[in-house]
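Participant: Let me see the structure of the following:
(chains A, B, C and D, ligands or ions: 4)
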Amino acid sequence: MRNIRVAFGPVVANDDVSFAVEPGEIHALLGENGAGKTTLMRALAGLIQPQAGSIEIGGQPVTIDGPLEARRLGIGMVHQHFMLVPTLTVAENIALGLKEVRTWFPRLDQLADEIDALGARYGLAVDARALAGELSVASQQRVEIVKALYRGAKILVLDEPTAVLTPQEAAALFPVLRALAAAGTAIVFISHKLNEVMAVTDRITVLRRGKVAGSLRTAETEPREIARMMVGGEVTLPQLEGMPVAGRPLLEVDRLGLTDARGVRRLEGVSLSVGAGEIVAVAGVDGNGQQELAEAIVGLQRPDTGRVLIDGVEMTHRPVAERIAAGLAHIPEDRHRTAIFEKLSVTDNAVAEEAGRPRFARWGLRRQGETRAFAAQLVADYDVRLGSVEQAIGSLSGGNQQKVVLGRALSRDPRLVVAVQPTRGLDIGATAFLQSQLLKRRAAGAAVLLISTELDEVLALADRIVVLFKGQVTGVVARADFSVEKLGLLMAGRTA
Amino acid sequence: MSESASAAAIGFARRWLLPRSVLSGMLCVLAAFAIGALLIAAIGRDPVLAYLSLFEASLGSTNGLAETAIRTVPLAFCGIGIALAFRAGVFNVGAEGQLFIGGVAAAWMGLQLGGQPQWLVLPAMALAAAVAGAGWSAIAGVLKLKFRADELITTIMLNYIAIYFVGYLLHGPLQDPGSPLARTARLAAEARLPMLLEGTRLHAGLLLVVVVAIVAQVFLWRSVAGFRLRAVGHNARAAENTGMNVKAALWTGFLICGALSGLAGFSEVAGVQRRMIENLSPGFGYTAIIVALLGQTNPLGVLAAAVLFAALQIGSTTMESAAGVPSALTTVIQALVVLLLIGQNALPRLFRRRAVTGS
Amino acid sequence: KIAMILPGPITDNDWNSVGYNGLEAAGKALGAEVAYVENVTDADAERLLRDFAERGYKLIFAHSFSFGDAALNAAEDFPDTTFMAGTAAELAPNLGTYSNPDYQGAYLAGMLAAGTSKTGSVGWVGGMPAPNMLANLHAYEAGAKEVKPEIKVLHTFIGSWFDPPKAKEAAIAQVEQGADVLSAQGVGVIDAAITKKVFALGAMTDQNHLGPEAVLTSVTWDLGPLVTAVGQAVIDGTWKSENWSYGVAANSVGLADFHGLDKNVDPAVLKAVEDKIAAIKAGTFEVPLDTSEVQ
Amino acid sequence: MEWLADPVLAGFIAASVRLSIPILLAALGGMFAEKSGVLNIGLEGMMLIGCFTGFITVHFSGNLWLGAGVAVLIGAIAGLGLAFYAVTLRSNQVVVGIAFNLLMLGVSAYFFRLAFGSGTASPRITPFAPIDFGPLGQIPILGPLLFQHDPLTYLSLALVLGGWLVMQRSTIGLSIKAVGEHPEAAETLGLDPIAIRYAAVAVSGALAGLGGAFLSISATGVFLDNMTAGRGYIALAILILGRRHPFGVLVAALLFGAAEALQLRAQLLPSGVPLQFLIMLPYVLTIVVLAVSATRSGAPAALGQPYEKGGG
Ligand SMILES: Nc1ncnc2c1ncn2[C@@H]1O[C@H](COP(=O)(O)OP(=O)(O)OP(=O)(O)O)[C@@H](O)[C@H]1O
Ligand SMILES: Nc1ncnc2c1ncn2[C@@H]1O[C@H](COP(=O)(O)OP(=O)(O)OP(=O)(O)O)[C@@H](O)[C@H]1O
Ligand SMILES: [Mg+2]
Ligand SMILES: [Mg+2]
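Facilitator: Residues are numbered from 1 along each chain as shown, chains lettered A, B, ... in the order given. Ligands and ions are numbered 1, 2, ... in the order given. Down below sits the predicted model:
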């Protein structure tokens, strides 16, 4: 790709970007949120047309005017947000749009066998007959890769494939990528996790604000240098310091049990407590009940056994509003679904929790001036980059949306913070900022429950770690006893 | 686009008051009329005469304006109710049935209180209508919140049921004694809305609906409850997570729509018919859905759209009587106006997109 | 200038067609300018009456029993205009009423039905339980019972004025319950009679063309004489506010041609019907008018 | 076992089938549109235009099948018109649907007058007649259920089977479902969500048109203004009741038809129940069934949401 330029109205997402990847090579494409990585790759996949520049494949200049043409040229893309139809089976998902599959009575069984065989070849275990929507995130990821391969991808683009994977799952993906590369596939690997980039890629290209900031061999560089190239300055991730000052327990969870709408038992006898001035992390492989635990504490799901106490007051069946009044703040995992109102303004989002407080309302009417001033302050304090606070929050980049959510939660000095995967998909700068904010809350005497699948994050920030496996606590480890091996065993369900 | 009140007001002004968009809106209406003119000429009638009578009957005379205003009242009541429900994410299309239930409740109350002073009777009737309409809507609410039954469907079914139920009441317990007709007895003078304009049928329901529109506008854009209503409509899960009472907002959507549609029934009974009749509404509740959405689910916008529709409906029936244009054709012209108006709203957006993403 | 507002489509071969035809006939007979609006709802009625009055129509017909209030209100404000409302309860100096005497014909139809039926059951299908429909039904039943006291008269209201498929199904249900002659107060019933090979009695206009083998005869109602007479009276200044009734006696209501199907009717009954018509005309028999609710 | 052969029961069953067919066809059409992500409120109008064009074609050509064909064609064209608004212009699908219904109401009545004048003697055609299956028609239950109907009824039942094959078994159905659930994903795989939605809405219009034609050229032999009388809206309910599955829709439509047939028969019995309560029976039943059976309605994720090419 040479001199590519893509602009969305006034926003120039790619400006004179040149980028090349060779067969058998794993090439990292890095950059902060909004640097233009996804846009560049969407142009390659024929989903958008660049306004300028040219693309060559195997030395031949080509015009990629649509996804079909991209596929013909052997380009396959695994999107940042999965492109699977949840109500169809894996095989049906892969069959979609394939000319080779008969129109009437498609040979789905035969296709499924072929998929299984292909998966086996590269160590990508997928169940071709399962419904895509019922698969774990990691399996969906594998399905996406198989889908691209089945369609004959010679150039495979993976947009933040590990953002939603556990370390183990991510680690399991790497041999697959290597095997593919060894078979001659050219791979573009987009990630915000520098350790992964160091571990698996051959070359690195860094984008900054839509332009190429540099391109180098992985072997000849180190994370610090890459990070500098990405943000144009120094960043260091914060680290927990000082001994816990754990005061009285602000959150107590007592033998919580929960069955979901489909009748699956999600939590069983989970107990934990978080004291003032303490960060307790809940570690575990994704889907072991973390989300349910968080939602039961916050009040989005009703547990059927056990109790939740906030600052000593029983809240098990109280509405969310009461918990917020008692000092709870929640940074949910799924931002779009649970935290923000995409079409409402940044201002409205910023005060959503407190719109009815006397500070923001009088006689049931909202106080516009106060509200806007508050939003402006929040935007300044949390370094949210935007045009105006009256902009719809959905038009902000993911990282900036997350900052508004964080600001909304933390600006009212909560005594208890429940943060679920708060740094997922964020770049280093944003991650550092967010983590330092959590530490600040701890220092201010709040209780923080950090639910994360990122072991690095958990190890760096937690005073104590509670490990969940299949909805049960398999162990509690104090900071002095932290070790990756130990946690790994607990996360695999083996009580030490 | 911002969603705050002032910005909404600007948006409203831009949509309805600024010359450019009014101009293009007028162009749409004109285009619809041009097509209509061809059809009118095709059956050998005079389009010019037809349109003159349309204008004269709806906007060109005091009486025409009054009639347009009268028709605006039920359309705007239902339309605002529907708009607020839609804002909460409640797809309540049951205004028609709620209107009938409200009308019969108002008439019943008016007959019960015969002889009491007007200041007591009218509010009591309005209250009865609002409560009854809201109660009817609440059936759909319970079905949705307790049984997860899609309100789009249940409200359509409830419309049929309401109309037949009212039919039963008017043929049975509430029938005008001594009359074979399916209607209640005539309301006493105290139970009728005061007239606003000598020589016309214009009644005080108009004032009520204008007040309601303004209150609804303030409620939606300036009040905390209105904010929560909109938030729930945008993303119920996020609303719950931020401590809002989602069920309360959904209930608000159901009940406001029912209450306002009930008031539409009240104003028709107390202002126009002076009793409850079997065919109280010629589909006001359905037309109001179009009105609500053409008005961008913005109470004042809905009011404006209701005026447009009222004028169109009033004018087009006169076109039939004065110029011999069959009512079928006037229906066609109404539909064309709607289709061209929504087309006009969408087309520029489409071209703008093309211009940006096109290579 | 004569105008009329009608509650339904003038193409319905029924109530509204009768009104429209009467208006046209009077227009021709008197050389008057006529205008009409069809599909008028109760909500629009008063406005359109006023509208016509304002535009100088001197005689305005409100052709529905449900337009009575509207006519009353309009009459109050336009004292120089003459209004005629179909079966109105209250009159005003310039508001008269005209009744729908087709129940008189229904009585005859009931007699014929009973005289034709072999099963001892006859049917009647109507739209909504409005007074004229109830009057029609009760007269039909009385007529049938006069001929055969033990006869069963089945009736169904389909719950809307215009829904031919539903009316047809209602009629079929009656045939399955034994009815073999059907009174068709709505489009669709004749279709059922054709399908089920039973007889139907048309209404309002001669509906034999809809089922030459099935439509025994039709109870016709011609509004022309009435509209013409009222118009003439208005022109002459002799018009009085009263109940104008043009029924069997005035030849406005009658039976259409049998188109050769009268061979299916018991001759004694045919004779009885003729006698009955004569009796009505002579004033020695009055068809009972009963508009009470059924069930 | 006597009652099995009872003519009243047989009549009731046959009537249930007849009453259900128009709604069934429209609901089946609605299924295609909704599965592709387009809410087709315009079913009522498409039925009405099919009812009218079918009738008028038969009247002038004398050919019943030609009438059915024209109704299908015109219904499909109406579907394309609606798709232009709902898909290309991305207008609110509820307003567009209601406006379309209004348009069709006016257009059918206007052209009816243009064709036949405003006179009284409105025309009648000879509708499809039931096929005579001889003794098969006399089999208890099965006879009235299956062997007493006209060709259009069998065509409708075949269309249910066809709809099932297309929707559940073919690649076309797969593509439609994908576009309704996740249009962006479909587009990345080279499918054209816009074209697929157009096609699906056209098919829905075609089926609704046929359902409307059934009323005028099969159920009766006449056309009257607004003859569909709200059946298109009922079809929307049937669609949800049948969970947007061809067989589910069939069962739901039969249930509604049965309630209607029952209601018409109950009026003939001296039950003492006020008439109006009998008439509302089918509607009440629909609500009750919806309430007891609705867990999650299972609507396609992108239902009612316009799609913009190149991702939303
Ligand atoms: N469809 C679009 N319309 C308008 N602007 C867009 C669109 N897609 C992307 N952009 C803009 O283009 C820029 C680059 O976005 P892109 O998604 O490529 O970033 P990214 O590098 O993938 O970021 P991230 O790490 O957050 O995924 C951003 O500023 C974004 O606002
Ligand atoms: N239709 C659109 N109009 C305007 N901007 C858009 C549109 N679609 C996407 N964007 C912009 O694209 C940018 C990148 O979007 P994307 O979804 O990739 O962010 P993200 O990947 O979720 O961010 P993060 O990776 O930090 O979570 C955002 O800035 C967003 O504002
Ligand atoms: Mg990206
Ligand atoms: Mg991202």
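Participant: And the residue of the stretch 201-350 of chain A closest to chain D?
Facilitator: Closest contact between the stretch 201-350 of chain A and chain D, by C-beta to the nearest C-beta, is at A:Ala261 (8.6 Å). Any C-beta I mention is one placed from the backbone N, CA and C, and that applies to glycine too.
Participant: Let me know the pLDDT of that residue.
Facilitator: On pLDDT, A:Ala261 comes in at 71.
Participant: Quick one: neighbours of it, just the number.
Facilitator: 8 (other C-beta atoms under 10 Å in any protein chain shown).
Participant: Double-check that it belongs to a strand.
Facilitator: No - A:Ala261: not assigned to a strand; according to DSSP: H, G, I helix; E, B strand; the rest coil it is coil.
Participant: Roughly how far does it sit from B:Arg148?
Facilitator: A:Ala261 sits 11 Å away from B:Arg148 when distances are taken as C-beta to C-beta, to the nearest Å.
Participant: same check, this time on B:Gln175
Facilitator: 39 Å.
Participant: now swap in A:Gln368 and tell me
Facilitator: From A:Gln368 to B:Arg148 the distance is 37 Å (C-beta to C-beta).
Participant: which regions of the chain sit below the pLDDT cut-off?
Facilitator: No chain was given, so I picked chain A. Residues of chain A meeting the criterion pLDDT under 70: A:10, A:102-103, A:164, A:166-168, A:233-237, A:240-246, A:262, A:425, A:495-496.
Participant: meant chain D actually
Facilitator: For chain D (pLDDT under 70), the answer is D:1-5, D:118-121, D:294-298, D:309-312.
Participant: what does it put close to chain A?
Facilitator: Proximity of chain D to chain A, by C-beta under 8 Å from any C-beta of the partner chain, involves residues D:165, D:169-172, D:174-175, D:177-178, D:181-182, D:184-191, D:300-301, D:310-311.
Participant: Restricted to buried residues, select the residues you listed in PyMOL.
Facilitator: A single PyMOL command selects the buried members of the residues of chain D next to chain A (16 or more other C-beta atoms under 10 Å in any protein chain shown):
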select buried, chain D and resi 170+171+172+174+175+177+178+181+182+184+185+186+187+188+189+190+191+300
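Participant: mind listing what the nearest residue to A:Glu222 once chain neighbours are set aside touches?
Facilitator: Distances taken as C-beta to C-beta, 6 or more residues apart in numbering or on different chains place A:Met198 nearest to A:Glu222, at 7.7 Å, with adjacent residues excluded. Contact partners of A:Met198, counting by C-beta atoms under 8 Å, 6 or more residues apart in numbering or on different chains, are A:218, A:222-223.
Participant: Only the buried residues of the one helix or strand A:Met198 maps to, if you could.
Facilitator: Using DSSP states H and E, the secondary-structure element containing A:Met198 is helix A:194-200. Buried residues in helix A:194-200, counted by 16+ other C-beta under 10 Å: A:194, A:196-198, A:200.
Participant: do the same with stretch B:171-183
Facilitator: B:171, B:174-176, B:179-183.
Participant: One more: stretch D:55-72?
Facilitator: Buried residues in stretch D:55-72, defined by neighbour count with 16+ other C-beta under 10 Å: D:55-59, D:64, D:67-72.
Participant: Show the subsequent helix or strand relative to the longest helix seen in chain D.
Facilitator: As assigned by DSSP state H, the longest helix anywhere in chain D is helix D:7-35. From helix D:7-35 onward toward the C-terminus, using DSSP H and E, the following helix or strand is helix D:43-61.
Participant: How about that following helix and chain C, touching?
Facilitator: No - against chain C, helix D:43-61 shows no contacts by C-beta under 8 Å from any C-beta, the least distance being 9.8 Å.
Participant: how far off helix D:43-61 does the helix or strand just after that helix point, in degrees?
Facilitator: Using DSSP H and E, the helix or strand that follows helix D:43-61 towards the C-terminus is helix D:64-83. Relative orientation of helix D:64-83 and helix D:43-61, computed by axes from the mean of the first three to the mean of the last three C-alpha atoms, to 10 degrees: 150 degrees.
Participant: does helix D:64-83 come close to chain B?
Facilitator: No - counting by C-beta under 8 Å from any C-beta, chain B has no neighbours in helix D:64-83; the shortest distance is 8.8 Å.
Participant: tell me what that helix is packed against?
Facilitator: Packed against helix D:64-83 by the contact rule (3 or more C-beta pairs under 8 Å, 6 or more residues apart in numbering or on different chains; DSSP states H and E) you find helix D:43-61, helix D:93-116, helix D:193-214.
Participant: Could you report the neighbour count for C:Ser160?
Facilitator: C:Ser160 has 16 nearby residues by other C-beta under 10 Å.
Participant: got it, and B:Leu308?
Facilitator: 23.
Participant: ok, for the most centrally placed residue in chain A, nearest residue in space, not its chain neighbours?
Facilitator: The centroid of chain A falls nearest to A:Arg424 when counting by C-alpha atoms, centre = their mean (3.3 Å). With sequence-adjacent residues excluded and distances taken as C-beta to C-beta, 6+ apart, A:Arg424 is closest to A:Ala163, at 5.9 Å.
Participant: show me what contacts the residue of the stretch 1-150 of chain C found nearest chain A?
Facilitator: In the stretch 1-150 of chain C, no residue comes nearer to chain A than C:Ala43, which is 36.4 Å away by C-beta to the nearest C-beta. By C-beta under 8 Å, 6+ apart, the contact list for C:Ala43 reads B:268, B:272-273, B:279-282, B:284.
Participant: host element of it?
Facilitator: Assigned by DSSP H and E, C:Ala43 falls in helix C:42-54.
Participant: Tell me the gap between that helix and the middle of its chain.
Facilitator: Mean-position distance between helix C:42-54 and its chain equals 23 Å (C-alpha atoms, centre = their mean, to the nearest Å).
Participant: circling back to that earlier point, can you tell me which of the buried residues of stretch D:55-72 is nearest B:Ile139?
Facilitator: Closest approach between the buried residues of stretch D:55-72 and B:Ile139, by C-beta to C-beta: D:Ala71, at 36.8 Å.
Participant: hang on, the closest one packs against D:Gly209?
Facilitator: Yes - at 4.4 Å, D:Ala71 counts as touching D:Gly209 under the criterion of C-beta atoms under 8 Å.
Participant: so what sits against both of the two?
Facilitator: In contact with both D:Ala71 and D:Gly209: D:49-50, D:53-54, using C-beta under 8 Å, 6+ apart.
Participant: What about those, which one has the most neighbours?
Facilitator: D:Gly50 (39 neighbours).
Participant: Near chain D, which residues of the stretch 51-200 of chain A are found?
Facilitator: So the stretch 51-200 of chain A meets chain D at A:66-68, A:71, A:77, A:79, A:82-88, A:92-93, A:95-98, A:101-106 (C-beta under 8 Å from any C-beta).
Participant: what's near enough to touch C:Thr116?
Facilitator: C:180-181, C:199, C:216, C:264-266, C:269.
Participant: which of those are buried?
Facilitator: For the contacts of C:Thr116, buried by 16+ other C-beta under 10 Å: C:180-181, C:199, C:216, C:265-266, C:269.
Participant: Format those residues as CSV; extra columns: distance to ligand 2.
Facilitator: CSV is the format used below for the buried ones among the contacts of C:Thr116 (distance: C-beta to the nearest ligand atom, whole Å):
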residue, distance to ligand 2
C:Asp180, 69
C:Val181, 69
C:Phe199, 69
C:Leu216, 70
C:Val265, 77
C:Asp266, 81
C:Val269, 80
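Participant: Name the residues of chain C found near ligand 3, please.
Facilitator: By C-beta under 5 Å from the ion, no part of chain C sits against ligand 3.
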